[in-house]
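Asks: Okay, structure incoming, though there's no sequence with it:
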């Protein structure tokens, strides 16, 4: 089904449809236990959707998550993970039942505020019925004990990456719930802590800073990490394997840490040494790096099918295919910048819905290409300037809108098409041409400051751009972001758009919803 029938319906209709679907009884559901007390019947089941226009079944309502505490124990013999996920939530309504997103996890028990709760797995939802109704606006602790096999579900329907000596996780956009039960949507950011128990000789590393290392009996070690800033579920990183953690200092004393396969540490050092300079370049344009640390994780796997992207931002760590980083700087520097930009656009200021992905990817490609062209490195088309690349992209505009929809109106099939990457760059280029470089730089920083540690929509970006520039940009940006035809480019009335050829379909993400390799910085 093409994009128009998937995403042009009003958001309210999408939400209503999803709610109706989730409210319908499942043929596979175990009957929910009922009680007779008034306290047991005064609440209602929480909605099993947050109404995302791209993934309408993703996320759950009726509560918000304040914090996750994930405790993982890895068995190198069975290669299984024994885990406990403890969630601190705050209800937004009285709940007789609520749900978490969960898929492929063997749930053993659920407790709500220490009391055993009834639970059932229905499709990708873990439905939880507490011993008594949860009042509105109360704080509740939910503890889920489970086990997982990182090898059970093949890519691309899993967030696990199986490696020779352990695993890593890659949860974007909608697969964190294959790693831990959660409210799997970027609009519900929370604090995270991690405790990873691994055999001696292996390292356990997670998002954030290491706060404790504890030697345990049975030749095992526990590593505890804590994220200083709140995080979306899709940005979690947990990895276990034969790694060495390398530390160096970034600009203004920023601690940098790289998690590197021990056997390849020396060979990868030239790429790792580029990070301080890349951070300094971006800080000069977007301000101080927003998190407590940064670094690279060349995942300990050379399997080309281990994951379907070259690099992926996870908060405070970017995961890469190791062989990619063995190339010379002109081949990798632009994409390293792309992934670093996501610390600002995507991680610190997260998308309110997955339809807002262009904010993440458009900005990452925009600054990644600027970095490339400043250094005189030709791009994949052999072009050496932003103007030349935008001229080429502009000509493709109507074809891309025909094949992949407007920039800010994706669906699950075309979410990671070039339209969200270079199409987003074209929007930012047009905006900068219209308002001028000084106003553009100011509105970029204002947007990041306003939505730091939060989530922002396309309309939020339009509002900040209008406010800071001093002119109403609503019509201009909506035409660029939602129009079915490419608008005129400010400052370039001579630029032309190639007519649409219905037989020339722009390639989607190889038929998969997770391919991130349409970036122009590769």
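Replies: Arrived safely, thanks for sending. These numbers come from a predicted model, not from an experiment.

Asks: I'd assumed residue 230 was in contact with residue 453.
Replies: Yes: look at residue 453 against residue 230 with CB atoms under 8 Å: they come within range, at 5.2 Å. Heads up, the C-betas are built off the backbone N, CA and C, glycines and all.

Asks: Between the two, which contacts overlap?
Replies: Residues touching both residue 453 and residue 230 (CB atoms under 8 Å, 6 or more residues apart in numbering) are residue 189.

Asks: Counting neighbours, go ahead and name the busier of those two.
Replies: residue 230 (19 against 14; other CB atoms under 10 Å).

Asks: contacting residues for the more buried one?
Replies: By CB under 8 Å, 6+ apart, the contact list for residue 230 reads 189, 190, 191, 453.

Asks: Tell me the one of the residues you listed nearest residue 249?
Replies: residue 453 (24.4 Å; CB to CB).

Asks: gap between that closest one and residue 253?
Replies: 21 Å (CB to CB, to the nearest Å).

Asks: Let me see the ranges of the helices in the protein.
Replies: 3-7, 11-23, 38-41, 265-272, 275-286, 329-341, 357-374, 386-395, 397-404, 418-435, 437-450, 458-469, 474-482 (DSSP state H).

Asks: hang on, isn't residue 334 packed against residue 368?
Replies: Yes: in terms of CB under 8 Å, residue 334 counts as a neighbour of residue 368; the distance is 4.8 Å.

Asks: So for those two, which residues contact both of them?
Replies: residue 521.

Asks: what sits against the closest residue to residue 390 other than its chain neighbours?
Replies: Leaving aside its sequence neighbours, residue 390 sits nearest to residue 429 (CB to CB, 6 or more residues apart in numbering; 5.0 Å). Residues in contact with residue 429 (CB under 8 Å, 6+ apart) are 366, 386, 390.

Asks: What's opposite residue 115 in the beta bridge?
Replies: Residue 115 has the following beta-bridge partners by DSSP bridges: residue 112.

Asks: Which per-residue confidence value corresponds to it?
Replies: On pLDDT, residue 115 comes in at 98.

Asks: Tell me how many other residues surround it.
Replies: 10.

Asks: Surely it touches residue 128?
Replies: No: the criterion here is CB under 8 Å, and residue 115 misses it with residue 128 at 11.3 Å.

Asks: Which neighbouring residues are in contact with the nearest residue to residue 68 once chain neighbours are set aside, exactly?
Replies: Spatial nearest neighbour of residue 68, excluding adjacent residues (CB to CB, 6+ apart): residue 192 at 5.1 Å. Residues near residue 192 by CB under 8 Å, 6+ apart: 67, 68, 69, 70, 207, 208, 226, 227, 231, 236.

Asks: Whichever of those end up buried, select them in ChimeraX.
Replies: Buried residues within those, by 16 or more other CB atoms under 10 Å, are selected in ChimeraX with:
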select :68,69,70,207,208,226,227,231,236
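
Asks: From the contacts of residue 230, pick the one nearest residue 180.
Replies: When the contacts of residue 230 are compared against residue 180 (criterion: CB to CB), the nearest one is residue 190, at 11.8 Å.

Asks: The closest one: neighbour count?
Replies: 19.

Asks: again, but for residue 326
Replies: Residues near residue 326, counting by other CB under 10 Å: 15.

Asks: For residue 393, see how far away it is.
Replies: In terms of CB to CB, residue 326 sits 30 Å off from residue 393.

Asks: what do you get for residue 193?
Replies: Separation of residue 193 from residue 393 (CB to CB): 43 Å.

Asks: what does residue 282 give?
Replies: Applying CB to CB, the value for residue 282 to residue 393 is 22 Å.

Asks: residues shared between the contacts of residue 115 and residue 128?
Replies: By CB under 8 Å, 6+ apart, no residue touches both residue 115 and residue 128.

Asks: Please convert the buried members of the contacts of residue 429 into ChimeraX selection syntax.
Replies: Under the burial definition 16+ other CB under 10 Å, those of those that qualify are selected in ChimeraX by:
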select :366,386,390
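
Asks: Quick one: the strands in the stretch 51-200 of the chain, in order.
Replies: For the stretch 51-200 of the chain, strands defined by DSSP state E, counting those that start in this stretch occupy the ranges 63-75, 80-91, 95-101, 106-112, 115-116, 118-122, 125-129, 139-148, 160-163, 166-169, 191-199.

Asks: among these, which is nearest residue 355?
Replies: That would be strand 95-101 among those, by CB to CB, at 18.7 Å.

Asks: which strands and helices sit next to the closest one?
Replies: strand 44-45, strand 125-129 (3 or more CB pairs under 8 Å, 6 or more residues apart in numbering; DSSP states H and E).

Asks: and it, what's its mean pLDDT?
Replies: 98.

Asks: The chain should start at 42 in everything you say after this.
Replies: Fine by me, first position is 42 from now on; the one you just mentioned is strand 136-142.

Asks: Find the residue ranges of the stretch 442-563 of the chain scoring beneath the pLDDT cut-off.
Replies: 547-557 (pLDDT under 70).

Asks: and residue 421, what does it touch?
Replies: 561, 563.

Asks: Save the strands of the stretch 92-241 of the chain as a markdown table, and put in distance to residue 219 too.
Replies: Output for the strands of the stretch 92-241 of the chain, formatted as a markdown table (distance: least, CB to CB, whole Å):
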| stretch | distance to residue 219 |
| --- | --- |
| strand 104-116 | 14 |
| strand 121-132 | 12 |
| strand 136-142 | 9 |
| strand 147-153 | 12 |
| strand 156-157 | 25 |
| strand 159-163 | 13 |
| strand 166-170 | 12 |
| strand 180-189 | 8 |
| strand 201-204 | 7 |
| strand 207-210 | 9 |
| strand 232-240 | 17 |
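
Asks: Figure out which of the ones you listed is closest to residue 312.
Replies: Closest among the strands of the stretch 92-241 of the chain, using CB to CB: strand 207-210, at 17.7 Å.

Asks: what's in contact with the closest one?
Replies: Against strand 207-210 from outside (CB under 8 Å, 6+ apart): 115, 117, 122, 191, 200-202, 217, 220, 239, 243, 277-283, 338, 340-341, 355, 360.

Asks: Spell out for me the PyMOL command that would select the buried members of those.
Replies: Buried subset of these, written as a PyMOL selection, criterion 16+ other CB under 10 Å:
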select buried, resi 115+122+191+200+201+202+217+220+239+243+277+278+279+280+281+282+338+340+341+355+360
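
Asks: still on that earlier bit, looking at the helices of the chain, which is closest to residue 146?
Replies: helix 52-64 (19.2 Å).

Asks: Wait, residue 471 touches residue 527, no?
Replies: No: with contact defined as CB under 8 Å, residue 471 does not reach residue 527; the gap is 9.6 Å.

Asks: how far out from the middle of the chain is stretch 148-162?
Replies: Relative to its parent chain, stretch 148-162 has a centroid offset of 28 Å by CA atoms, centre = their mean, to the nearest Å.

Asks: my bad, should have said stretch 392-407
Replies: 10 Å.

Asks: Over to stretch 415-429?
Replies: 28 Å.

Asks: Could you list the buried residues of that stretch?
Replies: Neighbour count says stretch 415-429 has 418, 420, 424, 427 buried, by 16+ other CB under 10 Å.

Asks: any idea which of those is closest to residue 396?
Replies: residue 427 (26.0 Å).

Asks: That's all I had, so thanks and see you.
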